[in-house]
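Take a look and give me a structure for this.
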Amino acid sequence: MSSLYWHSVGEGDRDLVLLHGWGLNAEVWQNIVPRLSSHFRLHLVDLPGFGRSQDFGPLTLAEMAQQLLAQLPERAALLGWSLGGLVASQLALSHPDRVAALISVASSPCFTERDAWPGIKPDTLHNFQQQLSNDFQRTVERFLALQTMGTENARQDARQLKDVVLSQPMPSVAVLQGGLEILREVDLRPQLSQLTPPFLRLYGALDGLVPRRIAAQLDEVLPDSPSIVMPKAAHAPFISHPEAFCQHVIDFCTAKMH
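Predicted coordinates for the structure are as follows:
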């Protein structure tokens, strides 16, 4: 059986599972682990095919969620960033009894721009998919640079993301392509109203991949789900604004997890 990299740390009495974004791995959370570990039992996971979870080929979103389910604590809060937000949402939809709370970070139920829905232009994702085969390293670096663009410490933040990628085994081109395919194809918007766990959405005001406008659009269809747009943050608010980010997470979980 293929095994997931799964590392638990912290002395809190509530479980919080952290799911990273495309191309990355669980090391991306290192700067917030000290801030959160006194409040939670943190579970740091490399998604299937990424980082140290190398035994997997490309999976669909549902297959990815299914792989995580086996190791999920009985009742956990899920925090998913970007692609990880889709995985967390899928788990909350398919197994709501296992999810005590859901937090999506710089994530969208539909990453691709469609009709009146803001998102990444389909051509952009298509180009990334094509470039991956030609120049794997450079394409990943370009994607990381996009994630921090506009923040006060953009270059430093991008370097931090790059160091995370290089610190662990690189995903295969097939796995990266599969991840982009999920970002391009998946649209969870029709199912969102069926979400039952408490749901917090965090956004970066300067995010070039998940436009802040979607916060207001989802506020209308999810009146019980609070959204917070963090000023001066882009696609990785936990790297650019770790203190404020952690406070939002702690406040929400304290209020919603009993």
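
element containing Pro34?
helix 33-36 (DSSP states H and E).

Report the mean per-residue pLDDT for that helix.
For helix 33-36, mean pLDDT rounds to 97.

How about stretch 152-160?
The model assigns stretch 152-160 a mean pLDDT of 91.

What are the contacting residues of the helix holding Pro34?
Contacts of helix 33-36 with the rest of the structure, by Cβ atoms under 8 Å, 6 or more residues apart in numbering, involve Val9, Gly10, Gly12, Leu16, Leu42, Leu44, Pro242, Glu243, Cys246, Val249, Ile250. All C-beta atoms are positioned from the backbone trio N, CA, C, and that covers glycine.

Check stretch 137-146 too.
22-23, 128, 131-132, 158, 161-162, 165, 170, 176, 208-209, 235.

Between all of those residues, which two are at the greatest distance?
Met170 and Gly208 (23.7 Å; Cβ to Cβ).

More neighbours: which of the two?
Comparing Met170 with Gly208 by other Cβ atoms under 10 Å, the one with more neighbours is Met170, at 17 against 14.

where does the more buried one land in three-state SS?
coil (DSSP: H, G, I helix; E, B strand; the rest coil).

And Gly80, by the same measure?
strand.

how about the nearest residue to it, chain neighbours excluded?
Using Cβ to Cβ, 6 or more residues apart in numbering and skipping the chain neighbours, the partner closest in space to Gly80 is Ala88 (3.1 Å).

isn't that neighbour right up against Ala100?
No. Taking contacts as Cβ atoms under 8 Å, Ala88 lies outside contact range of Ala100: 12.0 Å.

If you count surrounding residues, which of those two has more?
Ala88 (28 against 22).

residue contacts, the more buried one?
Applying Cβ under 8 Å, 6+ apart, the residues contacting Ala88 are Val17, Leu19, Leu78, Leu79, Gly80, Val99, Leu102, Ile103, Ser104.

mind putting the contacts of stretch 137-146 in a markdown table, secondary structure and distance to Tyr5 included?
Shown next, in a markdown table, are the contacts of stretch 137-146 (DSSP: H, G, I helix; E, B strand; the rest coil; distance: Cβ to Cβ, whole Å):
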| residue | secondary structure | distance to Tyr5 |
| --- | --- | --- |
| Trp22 | coil | 17 |
| Gly23 | coil | 15 |
| Phe128 | helix | 25 |
| Gln131 | helix | 27 |
| Leu132 | helix | 23 |
| Ala158 | helix | 24 |
| Leu161 | helix | 18 |
| Lys162 | helix | 20 |
| Val165 | helix | 15 |
| Met170 | coil | 14 |
| Leu176 | helix | 17 |
| Gly208 | coil | 29 |
| Leu209 | coil | 25 |
| His235 | coil | 23 |
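
Number of residues surrounding the residue lying closest to His241 once chain neighbours are set aside?
Leaving aside its chain neighbours, His241 sits nearest to Ala233 (5.2 Å; criterion: Cβ to Cβ, 6+ apart). Ala233 is flanked by 28 other residues according to other Cβ under 10 Å.
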